[in-house]
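predicted structure and sequence below. I'll ask about it afterward.
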Amino acid sequence: MRAEFQIRRAVRADAGEVARIHVAATRNAYRGIYTDEYLGSLSVEERAHAWAAERKGHLAIDDPDLAVFVAIADQRMVGFADVGAAASPGFPRHAALHAIYLDPDHIGRGIGKALWRSCVDHVKERGFDGMIAEVLSRNVQARAFYQRMGAHPLPATEMLIETGGVKEKVITYRWPAR
């Protein structure tokens, strides 16, 4: 059964709900990848502040290339996506899909695809040549989702980073402009 939901642009006042989903989804997606200590230390209050921080938080920055979309089901936020200009010099005129996170109870209902589609539409409207996303190599759920959405992994981009209390390999996925 598909849930009824709506997608809309996020506003600064959504920071608390975006943070709630961010923390819950991170704990769900990265269990067994990040350390339990790191996952336990995640704070909704700190994330909400980061999302709304003046001139830094993606819900507070006035930049037409940056967009945060939220999914609402049964009058409750159940997911979000964050997209903006890529900072990587290897991908000029590309957007970066910074995140797609869903409340763990709403995975598999088409919400992630709808959020991704909103990001793609935004990328096209802004005239980018494509979109990239960096993902941990052990995040098999995200990697499978990106590939279902037509992304191609770029093995030459693999690098080792320290995140979540561990060292992990990251790979970049790319979607061409459509």
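Nice, thanks for sending it over.

helices of this structure, start to end?
Assigned by DSSP state H, the helices in the chain fall at 15-29, 36-41, 44-52, 111-125, 140-148.

go through these and name the closest to Val78.
Nearest to Val78, of all the helices of the chain, is helix 111-125, at 6.2 Å by CB to CB. (C-beta placed from N, C-alpha, C; glycine too.)

re the thing from before, can you redo the helices of the chain as JSON lines with distance to Asp65, mean pLDDT and mean neighbour count?
Listed next are the helices of the chain as JSON lines, based on distance: least, CB to CB, whole Å; pLDDT from 0 to 100; neighbours: other CB atoms under 10 Å:
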{"stretch": "helix 15-29", "distance to Asp65": "19", "mean pLDDT": "97", "mean neighbour count": "20"}
{"stretch": "helix 36-41", "distance to Asp65": "30", "mean pLDDT": "96", "mean neighbour count": "12"}
{"stretch": "helix 44-52", "distance to Asp65": "17", "mean pLDDT": "98", "mean neighbour count": "17"}
{"stretch": "helix 111-125", "distance to Asp65": "9", "mean pLDDT": "97", "mean neighbour count": "19"}
{"stretch": "helix 140-148", "distance to Asp65": "21", "mean pLDDT": "96", "mean neighbour count": "15"}
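
closest one to Val166 among the ones you listed?
So among the helices of the chain, helix 36-41 is nearest, using CB to CB, at 8.0 Å.

got a list of contacts for the closest one?
Contacts to helix 36-41, defined as CB atoms under 8 Å, 6 or more residues apart in numbering, come from residues 26-27, 30-31, 164-165.

measure the closest residue to Asn28 other than its chain neighbours to Phe145 for me?
Leaving aside its sequence neighbours, Asn28 sits nearest to Pro104 (CB to CB, 6 or more residues apart in numbering; 4.2 Å). From Pro104 across to Phe145, the span is 14 Å (CB to CB, to the nearest Å).

same thing with Pro153?
The value you get for Pro153 to Phe145, if CB to CB is used, is 13 Å.

now the closest residue to Met159 other than its chain neighbours, which residues is it bridged with?
Excluding its sequence neighbours, the residue lying closest to Met159 (CB to CB, 6+ apart) is Val170, at 5.7 Å. Using DSSP bridges, the bridge partners assigned to Val170 are Leu136, Met159.

including distance to Gly90, could the helices of the chain go into CSV?
What follows is the helices of the chain, written out as CSV (distance: least, CB to CB, whole Å):
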stretch, distance to Gly90
helix 15-29, 26
helix 36-41, 28
helix 44-52, 26
helix 111-125, 17
helix 140-148, 18
